[in-house]
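can you look at this prediction? I've put the sequence above it.
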Amino acid sequence: MKLFYRKYGESGTPLIIVHGLYGSGDNWVSIARELSVRFEVYVIDQRNHGQSPHSETHNYPTLRDDLKTFMDAEGIDQAVLIGHSMGAKTIMYFAASWPDRVISLVSVDMAPRAYHELALESRSAARHGALIDAMLELDLSSMKSREEIDRAFSEKIGSERVRAFLLKNVQRNKAGKFFWRVNLAALRSNLPRILDGLLNSENEGVGGLEEIPPGGIAGFPALFVAGENSDYIRAEDYQLIRNLFPRAQIVTIPNAGHWVHAEQPSLLLKNLDYFLN
């Protein structure tokens with residue numbers, strides 16, 4: 001699949017940013033521009049998101065392969081990989097399969113674990129099904145303005161910040177009717193796969209690793225960035241992170257939830273600069 005992307009900077013080491021669920025490359029433009037002073041930055045839209053094509057298939061082996069296809073097409077042999085949430089899982093799967101093509105890896109608020117059981121108790125992960133259902137229930141084609149959409153959406157989603165983020169996916173067609181740019185049907189049907197981890201159990205892979213290789217994936221440094229107010233990376237995940245990525249550093253960004261890049265962009269950039277230097 002040929003992914004849509006934006007490029008910032010004309011020289012330097014290639015750096016690829018991979019967004020999370022419901023997002024797009026648009027969410028990372030300001031950070032990409034900051035990083036483009038030192039890097040050649042590519043910001044991609046994953047399949048079923050943004051301006052990239054839609055597909056009924058949506059799982060990490062496929063997203064991993066999309067990323068490889070993109071790098072091959074652009075002639076990128078090696079890159080720094082930054083991923084948020086679902087995008088972080090994409091780059092972890094990529095790194096597990098082709099570690100020699102990774103210079104360094106940054107996971108923003110995502111551990112390598114599966115979230116199927118955790119979703120039952122996590123205030124973050126458990127919401128995905130409800131969020132997608134709420135989006136699907138909105139009859140956008142009958143609505144006349146974004147304000148009307150937001151009012152209707154507020155009956156299901158109380159958080160103004162979350163609504164604003166999700167409603168970035170609302171677009172108008174040539175007839176002037178609103179529609180969802182993100183492929184909600186595919187995401188809903190594949191949600192169990194989106195909750196997959198790099199490992200299904202202690203040492204059994206799910207399309208990424210068959211098992212933990214001796215010494216883990218040690219060919220490059222890694223940074224795992226947690227949001228203080230998020231529960232996607234927990235203290236009990238630290239050992240798994242270090243088993244899989246022995247050169248990993250783990251940092252926590254204060255006063256940030258799951259969308260660290262939107263809530264604390266300056267602090268995230270400071271940590272990225274320190275790590276990438």
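All right, it came through fine.

for residue 104, helix, strand, or coil?
Under DSSP: H, G, I helix; E, B strand; the rest coil, residue 104 falls in the strand class.

touching, it and residue 219? I think so.
No: contact criterion C-beta atoms under 8 Å: residue 104 and residue 219 do not qualify, at 10.0 Å. Where C-beta positions appear, they are placed from N, C-alpha and C, glycine not excepted.

those two: which is more packed in?
Per other C-beta atoms under 10 Å, whichever of residue 104 and residue 219 has more neighbours is residue 104, with 19 against 15.

what packs against the helix or strand where residue 17 lies?
Assigned by DSSP states H and E, residue 17 falls within strand 13-18. Contacts defined by 3 or more C-beta pairs under 8 Å, 6 or more residues apart in numbering; DSSP states H and E place strand 13-18 against helix 29-35, strand 39-44, helix 60-73, strand 79-84, helix 86-97.

low-confidence stretches in the chain?
Counting by pLDDT under 70, the ranges of the chain that qualify are 117-126, 199-212.

domain map for it?
With automatic domain parsing as the criterion, the domains of the chain are listed as 5-117+196-276, 120-189.

next, the angle strand 79-84 makes with the strand holding residue 17.
Angle, strand 13-18 to strand 79-84, by axes from the mean of the first three to the mean of the last three C-alpha atoms, to 10 degrees: 20 degrees.

now strand 13-18 and strand 39-44, what's the angle there?
Orientation check (the same axes, to 10 degrees): strand 13-18 against strand 39-44 gives 20 degrees.

quick one: the helices in the protein?
Applying DSSP state H to the chain gives helices spanning 29-35, 60-73, 86-97, 127-137, 146-154, 160-166, 184-189, 191-194, 238-244, 260-263, 265-276.

hang on, the earlier thing: of all the helices and strands packed on strand 13-18, which one is nearest residue 229?
When the helices and strands packed on strand 13-18 are compared by C-beta to C-beta, strand 79-84 sits nearest residue 229, at 15.5 Å.

what about the residue nearest to residue 48 when sequence neighbours are not counted, neighbour count?
Distances taken as C-beta to C-beta, 6 or more residues apart in numbering place residue 183 nearest to residue 48, at 3.8 Å, with adjacent residues excluded. Residue 183 sits with 20 neighbouring residues when counted by other C-beta under 10 Å.

likewise for residue 37?
10.

you'd agree it is up against residue 9?
Yes: Residue 37 lies in contact with residue 9 (C-beta under 8 Å); the separation is 7.2 Å.

sorry, back to before: Throw the helices and strands packed on strand 13-18 into a markdown table and include mean neighbour count and distance to residue 229, thanks.
Rendered in a markdown table, the data for those read as follows (neighbours: other C-beta atoms under 10 Å; distance: least, C-beta to C-beta, whole Å):
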| stretch | mean neighbour count | distance to residue 229 |
| --- | --- | --- |
| helix 29-35 | 18 | 20 |
| strand 39-44 | 24 | 25 |
| helix 60-73 | 18 | 26 |
| strand 79-84 | 27 | 16 |
| helix 86-97 | 26 | 18 |
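
take those and lay them out in TSV including distance to residue 259.
Output for the helices and strands packed on strand 13-18, formatted as TSV (distance: least, C-beta to C-beta, whole Å):
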stretch	distance to residue 259
helix 29-35	12
strand 39-44	16
helix 60-73	19
strand 79-84	8
helix 86-97	12
